[in-house]
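Enquirer: Predicted model, plus sequence, below.
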Amino acid sequence: MRTQMASRPARIPAGANEAGDGVMVGAGAIAVDIHIDFQCPFCRHFEEASGPILDHMLAENRITATFHPLAFLDGMSATRYSTRASAASGCAADGRTFREYAKALFANQPPEGSTGLDDQQLVDIGATVGLTAAAFAECVHGGVHLDWPPYVTASAAEHGVAGTPTVFVDGLAVPPHPGTLKAAVHAAEHSGV
């Protein structure tokens, strides 16, 4: 039996995929879908280990990475930090700085089970990656994308994602490990040869 999908929000972040449940970075032939939660320590480890590889493949125009910021760990924070951080990443996407902001969120990740960062701290992190225009702060403080993370989370569940990080390369699930990721992209590039 299929679960009921959440309603698509009226406003989706800039650079979103067609389904509206992720932000696309790059324009390579191989699709890499990455499901993350900004409060998830394992996601931070994935970013630290695999982020440079992803960035290298993006720079070489080998992949299109679609990042799906989920709110699985909202229950681990009294302030719905996962939802608020994911919504702030949508504001960063509107400012064409999603990837840089996502990396900065992981670099400043609060402990799991804490209250998380407040909205002003999320804005301040944006300033460290060039998001200094008033529009970014207004987007975060105004909660413009707060209805987006529940939609992304429901969409991920609909596609069988049960935890974070979860990675797909051309639709096939792969372990979130840098060596496996590189091998899967290489195999996808040579599958039709």
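Expert: Structure received.

Enquirer: tell me which element T153 is part of?
Expert: For T153, the host element (DSSP states H and E) is helix 148-158.

Enquirer: Any chance you could give me that helix in CSV, C-alpha atoms only?
Expert: The C-alpha trace of helix 148-158 is given here as CSV (Å, rounded to 0.1, in the frame of the first residue of the first chain):
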residue,chain,number,x,y,z
TRP,A,148,9.3,22.2,2.0
PRO,A,149,11.2,19.8,4.4
PRO,A,150,8.1,17.8,5.3
TYR,A,151,7.4,17.4,1.6
VAL,A,152,11.0,16.3,0.9
THR,A,153,10.8,13.9,3.8
ALA,A,154,7.5,12.4,2.7
SER,A,155,8.8,12.1,-0.9
ALA,A,156,11.9,10.3,0.3
ALA,A,157,9.8,7.9,2.4
GLU,A,158,7.7,7.2,-0.7
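
Enquirer: Endpoints of stretch 29-49, how far apart?
Expert: For stretch 29-49, the first-to-last residue distance is 23 Å (CA to CA, to the nearest Å).

Enquirer: hang on, the earlier thing: report the mean per-residue pLDDT for the helix holding T153.
Expert: What helix 148-158 shows for mean pLDDT is 96.

Enquirer: What residues of the next helix or strand after that helix count as buried?
Expert: For helix 148-158, the following helix or strand on the C-terminal side (DSSP H and E) is strand 166-169. Neighbour-count burial for strand 166-169 flags 166-169 (criterion: 16 or more other CB atoms under 10 Å). Every residue, glycine included, has its C-beta placed from N, CA and C.

Enquirer: which stretches of the chain form strands?
Expert: If DSSP state E is used as the criterion, the strands of the chain fall at 23-25, 30-36, 63-69, 166-169, 172-174.

Enquirer: Throw those into CSV and include mean pLDDT, thanks.
Expert: Shown next, in CSV, are the strands of the chain (pLDDT from 0 to 100):
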stretch, mean pLDDT
strand 23-25, 98
strand 30-36, 98
strand 63-69, 98
strand 166-169, 97
strand 172-174, 96
